[in-house]
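1. Model the following, please.
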Amino acid sequence: MTGIHKRFPGVHALKGVDLTVDYGEVHAVVGENGAGKSTLMLVLAGVYQPDSGSIHFNGHQAVSIRSERHAQELGIAIVYQERSLFSNLSVAENIYAGRQPLNRFGSIDTDALTRQSRDLLAHLELEIDPRLPLDHLSFAHQQMVEVAKALSLNAKLLILDEPTAALTRVETEALFRVIQRLQSQSVGVIYISHRLDEIFQIARHATVLKDGEKQGTLEVEKTTPRELVRMMVGREMLYDFQARTIPADAPTLLQVTNLSDPPGDVPGEVRLRDINLSLRRGEILAIAGLEGSGRDELALSLFGARPLASGTICVEGQPQAIRSPYDAIQHGIGYLPPDRKESGLFLEMAISDNIASGSLGRFGRWWWSESRRDQTAEQYRQQLQIASPTVQRLVQTLSGGNQQKVVLSKWLLVDPQILIVNEPTRGIDVSVKVEVHRLLRQLADEGKAIIVISSELPEVLAVADTIAVMRAGRIAGQMPRAEASEEQIMTLASFDTHH
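-> Down below sits the predicted model:
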């Protein structure tokens with residue numbers, strides 16, 4: 001790609017960007033949210049047409065990639081950060097959507113469809129029945145189905161946009177083995193990720209974008225994470241926070257005792273068993289664990305979004321019957337979900353409407369004060385530095401990091417005493433990640449109690465005062481941050497300590 005420019009109304013998204021990827025190379029493209037990474041990939045995938053510049057691919061002279069289908073015909077496949085699958089179709093039907101094998105009568109050959117899909121899933125080391133409806137799978141497995149769909153195209157160039165954002169460490173390692181096999185077959189891979197450790201593990205080169213401009217291409221072996229971050233953000237980011245001290249007499253804000261699900265399994269869910277937790281005012285409790293450990297189920301149970309069979313939840317020393325999210329909010333518990341687009345935001349509404357959506361009563365019970373809503377939203381836009389000139393802008397036009405700031409603003413306005421944040425920095429860049437961590441610590445300093453659920457161990461160790469590790473629906477262990485290490489957390493998360 002040479003000299004690629006792309007403009008949208010009011011935004012010059014790409015400013016003469018160059019990118020060269022060799023056969024059999026993993027080439028990382030990195031930068032903050034809004035740097036132009038996804039736009040560049042959408043140009044390459046035929047979704048957007050460049051305003052100027054040229055693309056040469058697989059020995060061809062300059063090609064004009066007219067559509068996504070045309071890109072696929074050329075041998076370019078993309079796995080999007082946001083899923084592009086159909087929940088009501090089977091796994092196999094999603095992998096070969098619009099390209100199902102046909103029998104001699106022109107009908108879909110379901111046996112061949114199932115067989116080919118099973119082979120692809122085995123290639124990804126997944127034991128999934130391809131006949132299952134997609135919505136029976138976990139979020140992580142759905143992401144792997146996206147990868148299988150791209151592999152089914154036999155592409156010469158595979159674009160992976162945040163492919164591991166929802167994957168466990170085991171699934172990530174399986175994906176990396178697939179990428180290495182593709183390299184040996186001379187397939188080029190463009191890898192976009194905010195997880196810099198992955199880039200240093202798998203990429204040969206990294207091209208850095210900032211504000212739509214190329215900052216340079218580095219040979220990964222010859223650079224450092226610090227240098228990469230400095231190029232991405234134009235300054236050094238400080239990850240090391242000072243250790244926090246929770247006063248010994250800080251009152252217990254949340255006490256969870258013997259929380260358990262009813263006997264019997266629910267498809268796609270983990271059964272919680274004898275959960276005991278306490279959370280003091282001003283404390284940040286991080287809950288770590290692999291996908292399927294019960295972290296999500298625990299968060300939803302505390303927020304009243306799923307029923308429990310037994311156990312008690314005490315808020316400020318008083319047992320509370322929390323049977324719905326409304327009950328939870330009334331008792332001062334808020335919940336920021338892991339999938340901001342599906343569960344946290346109204347994408348087709350304005351920033352101001354989203355920020356106000358959890359506190360509508362503040363803006364008039366008998367009449368609606370748009371000016372008060374907009375003034376309040378503007379305060380949060382400035383406080384959290386949401387990158388938008390106005391709070392009237394639609395949330396779907398924002399980058400992932402700025403969308404996350406809108407979700408946080410909504411809950412800051414609700415002002416819960418206990419805030420549960422599930423994967424608070426999934427799919428957002430390094431600088432916004434540091435901002436979010438700083439904000440969570442600030443809320444704790446103000447006396448809030450925070451529960452952080454995260455798949456990223458560096459994040460767990462960066463923000464937590466106390467760490468609880470879940471495995472198979474139980475708390476496998478708990479420790480103060482000062483005594484924790486990545487190895488210790490992974491051991492608790494991976495091995496059954498109850499036998």
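2. Burial check on Glu316, number of neighbours?
-> 15 (other C-beta atoms under 10 Å). No exception for glycine: its C-beta is placed from N, CA and C like everyone else's.
3. Torsion angles phi and psi at the closest residue to it other than its chain neighbours?
-> Counting by C-beta to C-beta, 6 or more residues apart in numbering, Leu253 is the residue found nearest to Glu316 once chain neighbours are left out, at 6.2 Å. In terms of degrees, to the nearest 10, the main-chain angles of Leu253 are phi -90, psi -40.
4. Quick check: Leu253 vs Ile313, distance?
-> Leu253 sits 11 Å away from Ile313, taking C-beta to C-beta, to the nearest Å as the criterion.
5. okay, and the common contacts of these two?
-> When contacts are counted by C-beta atoms under 8 Å, 6 or more residues apart in numbering, the set common to Leu253 and Ile313 is empty.
6. mind checking how far the residue nearest to Glu316 is from Phe8?
-> Look at Leu253 and Phe8: by C-beta to C-beta, they are 45 Å apart.
7. which one of those two has more residues nearby?
-> Each of Leu253 and Phe8 had its neighbours counted (other C-beta under 10 Å), and the higher figure belongs to Leu253 (22 against 11).
8. which stretches of the stretch 251-400 of the chain form strands?
-> Read by DSSP state E, counting those that start in this stretch, the stretch 251-400 of the chain holds these strands, from start to end of the chain: 252-260, 275-280, 284-288, 310-315, 318-320, 333-336.
9. Quickly compare those strands and say which is most buried.
-> Compared across these, strand 284-288 shows the largest average neighbour count, a mean of 26 (mean count of other C-beta atoms under 10 Å).
10. How far away from the center of its chain is that one?
-> For strand 284-288, the distance between its averaged C-alpha position and the chain's averaged C-alpha position is 17 Å (C-alpha atoms, centre = their mean, to the nearest Å).
11. Pull the residues that contact it.
-> Around strand 284-288, the neighbours that count as contacts under C-beta under 8 Å, 6+ apart are 244, 277, 279, 295, 298-299, 440-441, 444, 449-454, 457, 459-460, 463-470, 489, 493.
12. Weed out the non-buried ones from these.
-> A residue is treated as buried here by neighbour count (16 or more other C-beta atoms under 10 Å); on that basis the buried members of these are 277, 279, 295, 298-299, 440-441, 444, 449-454, 457, 459-460, 463-470, 489, 493.
13. For the stretch 151-300 of the chain, give me the ranges with low pLDDT.
-> Confidence mapping of the stretch 151-300 of the chain against pLDDT under 70 gives the ranges 166, 234-242, 265-268.
14. quick one, helices of it?
-> Per DSSP state H, counting those that start in this stretch, the stretch 151-300 of the chain has helices spanning 169-184, 196-202, 225-233, 295-302. These are given in chain order.
15. What are the contacting residues of the first one?
-> By C-beta under 8 Å, 6+ apart, the residues outside helix 169-184 that reach it are 24-26, 123-126, 140, 144, 147, 151, 158, 160, 163-164, 167, 189, 191, 198, 201-202, 290-291, 490.
16. need the contact list for Val21.
-> Taking C-beta under 8 Å, 6+ apart as the definition of contact, the neighbours of Val21 are 27, 157, 188, 190.
17. and those residues as TSV, adding distance to Leu394 and neighbour count?
-> Compiled in TSV, the contacts of Val21 are given as follows (distance: C-beta to C-beta, whole Å; neighbours: other C-beta atoms under 10 Å):
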residue	distance to Leu394	neighbour count
His27	33	20
Leu157	32	22
Gly188	35	22
Ile190	28	24
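18. Check those and tell me the two furthest apart.
-> Farthest pair in those (C-beta to C-beta) is His27 and Leu157. Separation: 9.7 Å.
19. In helices, which of the contacts of strand 284-288 fall?
-> Counting by DSSP state H, the part of the contacts of strand 284-288 found in helices is 295, 298-299, 440-441, 444, 457, 459-460, 463, 489, 493.
20. pretty sure Val233 is touching Val430, no?
-> Yes - Val233 is in contact with Val430 according to C-beta atoms under 8 Å; the separation is 6.7 Å.
21. ok so, going back, so what sits against both of His27 and Leu157?
-> Residues within reach of His27 and of Leu157 at once, by C-beta under 8 Å, 6+ apart, are 21, 188-190.
22. tell me which element the nearest residue to Asp135 once chain neighbours are set aside falls in.
-> Of all residues not flanking Asp135 in the chain, Ser87 sits nearest, at 4.2 Å (C-beta to C-beta, 6+ apart). In this structure, Ser87 sits in neither a helix nor a strand according to DSSP states H and E.
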